[in-house]
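Asks: let's see this in three dimensions:
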Amino acid sequence: MPMCVGVCVLLAIVYVLSRTGGATPPLPTDPNATSNKVVTGIRTDLPTVITDSHTDTGTDTHTDTGTNPSCPPAMTTCPTCPATTNCKGFVDPATIDMGTLRAQALKSTPPHIIECSAASANASQDACHLPSKTRYAALGQKGATLWMTGCSGAGKTTIATALEDRLVKAYGKHVYRLDGDNLRTGLNRDLTFSEADRAESVRRTGEMATLFADSGVITLVGLISPYRGDRDEVRKRHEQQGIPFYEIFLDVPVDELKKRDPKGQYARVESGELKHFTCIDDPYEEPLSPEIILKTHELEIEESADLLFKMLERDGILEGAPKLSPPGLPNPDGDEVVDLHVPDHLKMQRKKEAETLTKVLISDIDLNWLQVIGEGWASPLKGFMREGTLLETLHFNSILVDPFNVTGNANRHEMRTDFNNFREHQPPQRVSMSVPITLSCTSFTKGNIESSGKRDVALVTQMGETVAILRDPEIYVNRKEEIVTRMFGAIDMDHPYIHHIYTGGDYLIGGEIELLDRIRYNDGLDKWRKTATELMEEFQQKGADTVYAFQTRNPTHAGHAYLMRSAGEDLKKQGYKNPVLWLSPLGGWTKSDDVPLDVRVKQHEEVLEAG
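Replies: A predicted model of the protein is given here:
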């Protein structure tokens, strides 16, 4: 039965073809040919290409009176023949203003294609893509666009190439350069140098740069881009997507450009061979508020590239993590600001909780470490080391971290050590951690913790003050000999810290801490004991674009003063505007003939007052 049906259908097709001439009219190739193609759904905001379905009379005009059977079925009258057509359905390309056509198309809203329905119009597309924060953390850099604008010959390509070379070869960053030369051989090859086509060139390049930068690439664009409004639209597009955009104006006098003339174009302009040349007989609109102005006739190539490099470094573009510190200063280790003080509104609650917990007695040295951890000086540590963290420190002088959970290893140092289970992928970031930060306890304290039925313990000083809560304690063997030999390379009981380790308990307690209050020593020096966060705030208030530190255990003498002064001068020669000096006198153990700490701090106060 199916075969019979098929034969019938075939016969029907043969009959129809025999009645119609047996062929579909070919696509018109001659201006006088007639197009029978009917187009539906044509956008009404664009110029219409008229198609005639009536019989060709051999003339270029036709008259419509009332209902015309030769008109398309949907029409009662044929359209009047515009001057731009030959009434055979063809448009003369010479009469079409592509700039106007393109502008009308771009004004159509909303877009016909919505890439990400979960994101609002023009907003970041993170809702439908890998989040930028995760992407940047994995890549170890952020995406950004450096838009270099200026007259031909100002050095856009030269400087972009030098910066690209440095970023890729010396720092292993993902960088790509877009300029008029490599764009006009492909993406923009259909564009002329008319004002409308130049605007379209800037728009296309801006869209490409936005995508490149969103993918995490540092994108260097070198385009004359003469019109301010076009560049501002590119900036706006980047801002909508939350992507850093830097406008770099290469400001070079025209006389200097004529001397350089790397492509011989200015000479051709002078001879009259070239017309409508930007900055000569076509306008160039200078940026009003560029991020950087480069007077390349006054700077060496490497100097210009260095200024751009420092800008990227200052703004954290060369790091994958969000910028947590003031401009010009590095992020804390582990890309995490640590401050473990209990918020004021929870202090009373935590202190009451601490009263119910098993007490662990700590030494003065343990209290010092508690301050170091709680104030963020041992970032990213949030407590005394658990066994796994300690072993990483002893064997590698560092720990592996994953602050943005790229490999599923976030907070691994806040989890109990499990030597039987390891994740498939290792954390991506290694942080220096060369000194074990541990808390020892006796077997008696260990027994009290294990029999208490509580998950947490309270830390109490020699004076009986409860200063912190330690969460989810992990108790393990204190391998004193391994710690000492790996840390110091020798066992010498006259060394004060080696003696401290050997006189400690046989067990170590690891766990995260919460400081119930600021640790104070009431020795007149507490005002100088600032947390890491407080210091960063001070650097920011002082407008530091870099910080240089001197850490000494001796009184400041003329040699120190010379080094401090000359270091500041050298930093200014390198381009830093406001380097800030950080004096950090060492406390702790001193020899019998050392100058006391309070005397040294008073001397530092005099240095600071002297500027």
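Asks: how about the strands in the stretch 251-400 of the chain?
Replies: 292-294, 358-361, 383-384, 398-401 (DSSP state E, counting those that start in this stretch).
Asks: return the per-residue confidence for the residue nearest to residue 510 when sequence neighbours are not counted.
Replies: Nearest non-adjacent residue to residue 510, counting by Cβ to Cβ, 6 or more residues apart in numbering: residue 386, 3.4 Å away. All C-beta spots, glycine's among them, are computed from the backbone N, C-alpha and C. In this model, residue 386 is scored at 98, pLDDT.
Asks: highest mean neighbour count out of the strands of the stretch 251-400 of the chain?
Replies: When the strands of the stretch 251-400 of the chain are scored by mean count of other Cβ atoms under 10 Å, the highest mean neighbour count falls to strand 383-384 (a mean of 28).
Asks: strand partners (parallel or antiparallel) of it?
Replies: Paired strands of strand 383-384, with direction, are strand 507-515 (antiparallel) (DSSP bridges).
Asks: what's near enough to touch the residue nearest in space to the middle of the chain?
Replies: Ranked by distance to the mean C-alpha position of the chain (Cα atoms, centre = their mean), the top residue is residue 142 at 2.5 Å. With contacts defined as Cβ atoms under 8 Å, 6 or more residues apart in numbering, the neighbours of residue 142 are 132, 136, 216, 244, 316-320.
Asks: angles on the backbone of it, please.
Replies: Backbone geometry at residue 142, expressed as degrees, to the nearest 10, gives phi -110, psi 160.
Asks: ok now the longest strand along the chain, how far from the chain's centre?
Replies: Looking only at the chain and at elements set by DSSP state E, the strand with the highest residue count is strand 466-477. On the basis of Cα atoms, centre = their mean, to the nearest Å, strand 466-477 is displaced by 37 Å from the centre of the chain it belongs to.
Asks: cool, stretch 455-469 as well?
Replies: So, by Cα atoms, centre = their mean, the centroid of stretch 455-469 is 42 Å from its chain's centroid.
Asks: show me the strands in the stretch 501-611 of the chain, by range?
Replies: Along the stretch 501-611 of the chain, the segments classed as strands by DSSP E, counting those that start in this stretch run 507-515, 546-550, 579-583.
Asks: where does the closest residue to residue 338 other than its chain neighbours land on pLDDT?
Replies: Spatial nearest neighbour of residue 338, excluding adjacent residues (Cβ to Cβ, 6+ apart): residue 376 at 3.9 Å. At residue 376 the predicted local confidence, pLDDT, stands at 94.
Asks: how about residue 185?
Replies: Looking at residue 185, its pLDDT reads 85.
Asks: and the gap between it and residue 155?
Replies: For residue 185, the distance to residue 155 (Cβ to Cβ, to the nearest Å) stands at 21 Å.
Asks: quick one: which of those two has more around it?
Replies: It is residue 155, of residue 185 and residue 155, that has more neighbours when counted by other Cβ atoms under 10 Å, with 23 against 9.
Asks: where's the more buried one relative to residue 134, distance?
Replies: Counting by Cβ to Cβ, the gap between residue 155 and residue 134 amounts to 37 Å.
Asks: what do you get for residue 314?
Replies: 24 Å.
Asks: likewise for residue 210?
Replies: Separation of residue 210 from residue 134 (Cβ to Cβ) stands at 19 Å.
Asks: so the two - more neighbours on which side?
Replies: For residue 210 against residue 134, the residue with the higher neighbour count under other Cβ under 10 Å is residue 210, and the figures read 20 against 15.
Asks: which ones are touching that one?
Replies: Residues in contact with residue 210 (Cβ under 8 Å, 6+ apart) are 145, 234, 237-238, 241, 243.
Asks: can I get these in CSV with pLDDT, secondary structure and neighbour count?
Replies: As requested, those are exported to CSV (pLDDT from 0 to 100; DSSP: H, G, I helix; E, B strand; the rest coil; neighbours: other Cβ atoms under 10 Å):
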residue, pLDDT, secondary structure, neighbour count
145, 98, strand, 27
234, 96, helix, 23
237, 94, helix, 18
238, 95, helix, 21
241, 90, helix, 20
243, 95, coil, 21
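Asks: ok, the residue nearest to residue 338 - how many residues close by?
Replies: A count of neighbours around residue 376, defined by other Cβ under 10 Å, yields 24.
Asks: could I get the contacting residues of it?
Replies: The neighbourhood of residue 376, defined by Cβ under 8 Å, 6+ apart, consists of 332, 337-340, 531-533.
Asks: swap in residue 279?
Replies: Neighbouring residues of residue 279 by Cβ under 8 Å, 6+ apart: 151-152, 226, 254, 257.
Asks: separate out the buried members of the residues you listed.
Replies: For these, burial is judged from neighbour counts taken by 16 or more other Cβ atoms under 10 Å, and it is met by 151-152, 226, 257.
Asks: nearest to residue 523, of those residues?
Replies: For residue 523, the nearest member of the buried ones among the contacts of residue 279 is residue 151. The distance, counting by Cβ to Cβ, is 64.6 Å.
Asks: so residue 248 bridges to which residues?
Replies: With DSSP bridges as the criterion, the beta-bridge partners of residue 248 are residue 148, residue 292.
Asks: I'd say it and residue 144 touch.
Replies: No - the pair residue 248 and residue 144 does not pass the contact test of Cβ atoms under 8 Å, sitting 11.7 Å apart.
Asks: shaky segments in the stretch 101-250 of the chain?
Replies: Along the stretch 101-250 of the chain, the parts satisfying pLDDT under 70 run over 108-127.
Asks: where do the helices of it begin and end?
Replies: Counting by DSSP state H, counting those that start in this stretch, the segments of the stretch 101-250 of the chain that form helices are 132-139, 156-171, 180-184, 195-214, 228-241.
Asks: and residue 345, which of those is closest to it?
Replies: Of all the helices of the stretch 101-250 of the chain, it is helix 132-139 that lies closest to residue 345, at 29.0 Å by Cβ to Cβ.
Asks: relative to helix 228-241, how tilted is that closest one?
Replies: Angular relation of helix 132-139 and helix 228-241 on a 0 to 180 degree scale: 90 degrees, by axes from the mean of the first three to the mean of the last three Cα atoms, to 10 degrees.
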